[in-house]
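A.B. asks: predicted model and sequence follow; I will ask about them next.
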Amino acid sequence: MKQERQSETNQKSPAEPTIAPLSNPGDERDPHGGDSFKVPNLAGSGALDRLVDTAKDYARHATAENTNAAYKADWAHFSSWCRRRGTEPLSGDPCPDPQLIGLYIAECASPTPPAPSLTVATIERRLSGLAWHYQQRGFQLNRKDRHIATVLAGIKRKHARPPVQKEAILADDILDMIDTLDYGLRDMRDRAILLVGYAGGLRRSESVSLDLGRDDTEDGKGWIAIEEQGLILTLRGKTGWREVEIGRGSSDATCPVHALEQYLHYAKINFGPLFQRITRDDRKATGDRLSDKHVARLIKKTVLAAGIRADLPEQERLALYSGHSLRAGLATSANVDERYIQKQLGHASPEMTRRYQRNRDRFRVNLTKAAGL
């Protein structure tokens with residue numbers, strides 16, 4: 001009897017859950033995926049398989065896909081750098097060694113040739129990626145640690161440069177760009193992408209993530225409503241859900257709403273992604289969503305075809321423009337109160353909006369003359 005009681009005492013009660021760690025400390029995989037995402041060891045946990053998959057999916061969506069990819073690359077680079085120097089990325093307990101982090105960011109700023117040095121913005125992003133990964137593994141990276149903060153301050157003081165901004169596409173530019181497009185189905189779609197993206201001040205990812213109707217697809221991040229006076233976009237961007245109003249233009253040739261209506265009519269789209277791939281014969285939409293890379297390629301292609309900044313070599317012209325050129329173009333060209341532009345772009349502060357207004361307010365106020373000179 002005594003042995004039986006002792007055996008029962010040593011057995012773990014099924015009602016007492018034990019929490020498995022989030023991931024193996026040496027695991028360099030994405031903490032959101034695979035076996036690195038753990039759940040409590042509960043009695044009858046076989047019934048929780050569906051919830052495990054759901055929890056993994058929510059964890060993956062805690063940050064944007066591009067952010068996840070960047071953070072994963074940051075951790076892989078840091079881990080490789082550590083191993084080449086005979087140490088481990090998870091050295092230090094319970095916190096990472098701040099001196100190791102300081103050495104790493106110093107190497108990023110002044111690497112051994114021929115490796116290129118990283119910009120201050122990229123180094124700061126890498127610190128964010130490392131902090132995120134450490135947190136997922138139960139560690140805490142203190143970016144305000146004296147050693148890390150001092151090294152980073154020195155890097156900023158010595159290597160910081162003004163941000164390189166993409167060129168804004170102005171009103172005349174966008175008109176020249178859409179004039180290079182024909183009236184086949186693919187060109188009708190691309191014309192609508194340019195005009196809607198420009199008038200809405202949309203990011204390229206926002207443009208291609210729209211559906212025609214609410215909840216049409218699982219991967220959609222917004223939908224449209226065509227009204228008599230214009231177009232209403234409900235979309236989820238970096239700052240959360242917002243509505244964007246796009247009024248009708250002064251003529252059908254330049255109206256983003258008319259361009260979208262024409263595209264939807266001839267493509268016979270009544271469900272699913274708004275901007276879809278077109279078959280090779282240019283006759284119908286496939287139902288597949290476009291990649292955001294298509295917007296960037298479309299902008300560069302039409303910029304070259306329209307002869308914008310023809311005074312520069314082709315490679316320099318291509319480097320000047322990107323998907324953000326549409327947002328910067330609206331912010332620079334629209335001569336309205338700043339708060340309307342801020343709302344349209346979905347910025348949390350007017351300071352961010354002003355970064356998009358390329359040279360808009362230069363010399364509008366002449367302090368030299370105002371001072372009597």
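C.D. replies: That came through fine.
A.B. asks: assumed residue 224 was part of a strand.
C.D. replies: Yes: Residue 224 forms part of a strand when assessed by DSSP: H, G, I helix; E, B strand; the rest coil.
A.B. asks: so in terms of bridging, what pairs with it?
C.D. replies: residue 233 (DSSP bridges).
A.B. asks: who's in contact with stretch 338-346?
C.D. replies: 200-201, 237-239, 242, 244-245, 327, 330-331, 334, 349-350, 352-354, 356-357 (CB atoms under 8 Å, 6 or more residues apart in numbering). Every residue, glycine included, has its C-beta placed from N, CA and C.
A.B. asks: hey, C-alpha coordinates of it in PDB?
C.D. replies: Presented in PDB, the C-alpha positions along stretch 338-346 are these (Å, rounded to 0.1, in the frame of the first residue of the first chain):
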ATOM      1  CA  GLU A 338      -2.200  69.800 -44.500                       C
ATOM      2  CA  ARG A 339      -4.700  68.000 -42.300                       C
ATOM      3  CA  TYR A 340      -6.600  66.700 -45.300                       C
ATOM      4  CA  ILE A 341      -3.400  65.200 -46.800                       C
ATOM      5  CA  GLN A 342      -2.500  63.700 -43.400                       C
ATOM      6  CA  LYS A 343      -5.900  62.000 -43.200                       C
ATOM      7  CA  GLN A 344      -5.700  60.700 -46.800                       C
ATOM      8  CA  LEU A 345      -2.200  59.200 -46.300                       C
ATOM      9  CA  GLY A 346      -3.200  57.800 -42.900                       C
END
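A.B. asks: phi, psi of residue 235?
C.D. replies: With angles defined as degrees, to the nearest 10, residue 235 sits at phi -140, psi 160.
A.B. asks: now for it, how many residues are close by?
C.D. replies: 23 (other CB atoms under 10 Å).
A.B. asks: what of residue 182?
C.D. replies: 10.
A.B. asks: quick one: which helix or strand includes the residue most central in space within the chain?
C.D. replies: Centrality entry for the chain: nearest residue to the mean C-alpha point is residue 66, 5.4 Å, by CA atoms, centre = their mean. Assigned by DSSP states H and E, residue 66 belongs to helix 65-84.
A.B. asks: domain boundaries for the chain, per the record?
C.D. replies: 65-159, 171-356 (automatic domain parsing).
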